[in-house]
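> Generate a structure from the sequence data that follows.
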Amino acid sequence: MQRYMKSALPFLGVPAPALRGAVRAALAAHPLEPDGWRDPVLELWRGARYREERYAALELARRFGRSANAGDLILFEELIVSGSWWDLVDSAAHLVGNLLRRYPDPIRFAMLTWARGDDLWKRRASIICQLGCKGDTDLELLYACIEPSLGRPEFFLRKAIGWAPRDLAWSDPHEVDRYVRLHADRLSQLSRREATKHLARLLA
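The predicted structure is shown next:
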């Protein structure tokens, strides 16, 4: 697992279902107040000796997502910047997406800033944070976050640029078809392949 994830932290080898069960059991034994999750998340994350401890921190934050507020973007930003690999960043981006749905104005502004910034992982998070939003996807925001990275060579940006439209295609395949055709000469082969993976079937 450590070799596959190219992780500096070693793994304990705990599969995801068991890890979620461990977090659930820990919370049952040591209940937290609705606003008492932030310090444990940061303690788990910053003090992690094994990668699963960071996974547990993300799971803990996910479980208390309804009590998160716009100010918690700073916390999630730390997880993204210091996590700096797709497994951790993608989970943290989901947390950011939950904030976006609840606090659209400040989080939207932040995503536009992230999309133009120097940090690759914040760019990726800005692009994929709306995964699963389906018909509620803010298309203007999505395309604005993709735009600054269209010419970038990094695999994880190109993958994200394709992944976001591919996810959107399940609810709006015609819009994805329009977007891909419009930007066919600017999308990398990887992005285009990812975006159109299910498109023909969805348009049929």
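
> what's the neighbour count on the residue lying closest to residue 165 once chain neighbours are set aside?
Nearest non-adjacent residue to residue 165, counting by C-beta to C-beta, 6 or more residues apart in numbering: residue 195, 4.0 Å away. (Each C-beta comes from the backbone N, C-alpha and C, glycine too.) Residue 195 has 24 neighbours, counted by other C-beta atoms under 10 Å.

> just residue 129 next, same as before
So residue 129, with other C-beta under 10 Å, has 29 neighbours.

> what does residue 196 give?
The burial count for residue 196: 20, using other C-beta under 10 Å.

> can you check the one 5 residues further on too?
Burial measure for residue 201: 9 neighbouring residues, criterion other C-beta under 10 Å.

> Run through who's touching stretch 137-147.
100, 104, 108, 111-112, 114-115, 123, 126-127, 130, 161, 164, 168, 171-172, 175, 179 (C-beta atoms under 8 Å, 6 or more residues apart in numbering).

> let's see it at 6 Å
Outside stretch 137-147, the residues that touch it by C-beta atoms under 6 Å, 6 or more residues apart in numbering are 108, 111-112, 115, 126-127, 130, 161, 168.

> Now that we have these, which of them are buried?
108, 111, 115, 126-127, 130, 161, 168 (16 or more other C-beta atoms under 10 Å).

> Would you point out which residue is most central in this structure?
residue 93 (2.5 Å; C-alpha atoms, centre = their mean).

> Could you report the pLDDT at it?
Residue 93 is assigned 98 on the pLDDT scale.

> before we move on, back to that, identify, from the contacts of stretch 137-147, the entry nearest to residue 53.
residue 126 (26.3 Å; C-beta to C-beta).

> distance of the closest one from residue 74?
Here residue 126 is placed at a distance of 15 Å from residue 74 (C-beta to C-beta, to the nearest Å).
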